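Enquirer: Starting from these lines, generate the structure:
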Amino acid sequence: MTNHRKMFFGRFDYAAFTTFISYASGSVAVPVALVAIADELGFSLASGGMSAGGALHLGRTIAMVGSMLLCGYAAGQWGKRKTLAAAVIMMALGMALCAVAPFYAILFTALMIAGLGEGIIEGLATPFVQDLHPDQPGRYINFTHSFWSVGVLATVLISGALLSIGVSWRLIIGAVAISSLIPALILLLPAKKKYPDHTEPLHWSVIHNHFIQIVKVPRFWLFFAAMFVAGGGEYALTFWSASYIQLNFSAAPWAGGVGTACFAAGMILGRSGWGYLLKQHHLKQLIVYSAIAGTIITIFFPVLSNLWLFFVLLFFAGIASAPFWPSVQSYCADCMPNADTTMLFILLSCAGVPGCGFFTWLMGVIANRSSDLSGSFYIIPVCYIALAAMIGLFKHKPRNS
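Expert: Okay, the predicted model is just below:
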């Protein structure tokens, strides 16, 4: 019998780890610096610019969904490894352009270019790991996704501290762009052990058939909706926490970074911990109980007046939110054993990413109308309790692993 808790990692695992770190860094560098960016580029958040701030990620999301819908075809032609490497390079290019943007329209365009690369990463990174570890995918996917939170934690702490001492947001985002080239090199340099990609290009009709087979299954749409609210709740909290702390607690940029870091630290602990401990057939219980816990924790956010208590609850909200994205995907794969997992994960991400963009934008709109971010934070527990209901009421006994 194999040791359930022993985990083995190779070069391409480390490529996945660093890809998630770079992806996360690019995603949160702008939110942490959003107050400074808005002031310099003329859409001050304190003076009605929160819709414009939220729209930045909505535009990024549109580009991500477009590239996600096509990344299965690209992977079929060139393989996941090469396609993923090209995506990381495109993301780096977009972030570099963001760092030199002279006004809002260029910033918006730059983030859309980065979003094209991020959409491919989002669509392919999870099946990339699934193919490396087909026996216990839930564990390795959760563990690998923890590096998203590592990237968030490092980026918000470092960038928050640098912003507080007067370092330009442009230098910070430029550094994020340069560091993104590291995973591209790991993916592209020759390796002794080959990645388990298909050896021949797949015809587009094969990929199309995988798509049709999945979308015709009713249960897929339940998981699609679950990913929409899971992504929305998690990323809306990640995106707006730093700005909320700076605006509502009159705190420095560094404090905003610490708040987002507390959430990210909880995510790291949750994902790496469940990656180590989780048994595949416990995925449903993990999602439901975590979503209920997340609902209870986040419902208090709009009424808190103590910053330190807010930090503590952000940490526990991170633990509760940690398993949503990877576990919903892995549980769906168990419940649809005949589906092509690459296409399945891509399509599920096509729900999660728009959820991120939609709820981030919606919080900005609500905050603009009320001139206060507090009330918009009630969207997060609504997302979490909806997730708990969808997965909890779903009746299916998946295959055991």
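Enquirer: Report the contact partners of Thr83.
Expert: Each residue near Thr83 by C-beta atoms under 8 Å, 6 or more residues apart in numbering is listed here: 71, 74-75, 120, 124. (Each C-beta comes from the backbone N, C-alpha and C, glycine too.)
Enquirer: Met227 versus the closest residue in space to Cys356 that isn't next to it in sequence, what's the distance?
Expert: Distances taken as C-beta to C-beta, 6 or more residues apart in numbering put Tyr235 closest to Cys356, at 3.7 Å, once the chain neighbours are dropped. Tyr235 sits 12 Å away from Met227, going by C-beta to C-beta, to the nearest Å.
Enquirer: Repeat that for Val129.
Expert: 17 Å.
Enquirer: do Lys284 as well
Expert: 15 Å.
Enquirer: which one of those two has more residues nearby?
Expert: Neighbour totals were compared for Lys284 and Met227, and Met227 leads with 26 against 19 (other C-beta atoms under 10 Å).
Enquirer: Quick check: next helix or strand after the helix or strand encompassing Gln329?
Expert: Assessed by DSSP states H and E, Gln329 sits inside helix 324-335. Going down the chain from helix 324-335, the next helix or strand is helix 341-370, by DSSP H and E.
Enquirer: pLDDT (mean, whole number) over that following helix?
Expert: The pLDDT scores in helix 341-370 average 87.
Enquirer: Work out the gap between that helix and the centre of the chain.
Expert: 10 Å (C-alpha atoms, centre = their mean, to the nearest Å).
Enquirer: okay, the angle between the first helix or strand past that helix going along the chain and helix 324-335?
Expert: Using DSSP H and E, the next helix or strand after helix 341-370 towards the C-terminus is helix 379-393. For helix 379-393 against helix 324-335, the angle by axes from the mean of the first three to the mean of the last three C-alpha atoms, to 10 degrees is 20 degrees.
Enquirer: same for helix 379-393, what does it pack against?
Expert: helix 218-248, helix 283-298, helix 324-335, helix 341-370 (3 or more C-beta pairs under 8 Å, 6 or more residues apart in numbering; DSSP states H and E).
Enquirer: Next, the contact list for Ala251, please.
Expert: 245, 307.
Enquirer: for it, helix, strand, or coil?
Expert: coil (DSSP: H, G, I helix; E, B strand; the rest coil).
Enquirer: and it, what are its phi and psi?
Expert: With angles defined as degrees, to the nearest 10, Ala251 sits at phi -100, psi 160.
Enquirer: That one and Ser243, how far apart?
Expert: 11 Å.
Enquirer: I'd like to know how many residues surround the closest residue to Pro253 other than its chain neighbours.
Expert: In this structure, Pro253 finds its nearest non-sequential neighbour in Leu163, 4.0 Å apart by C-beta to C-beta, 6+ apart. For Leu163, the neighbour count with other C-beta under 10 Å is 22.
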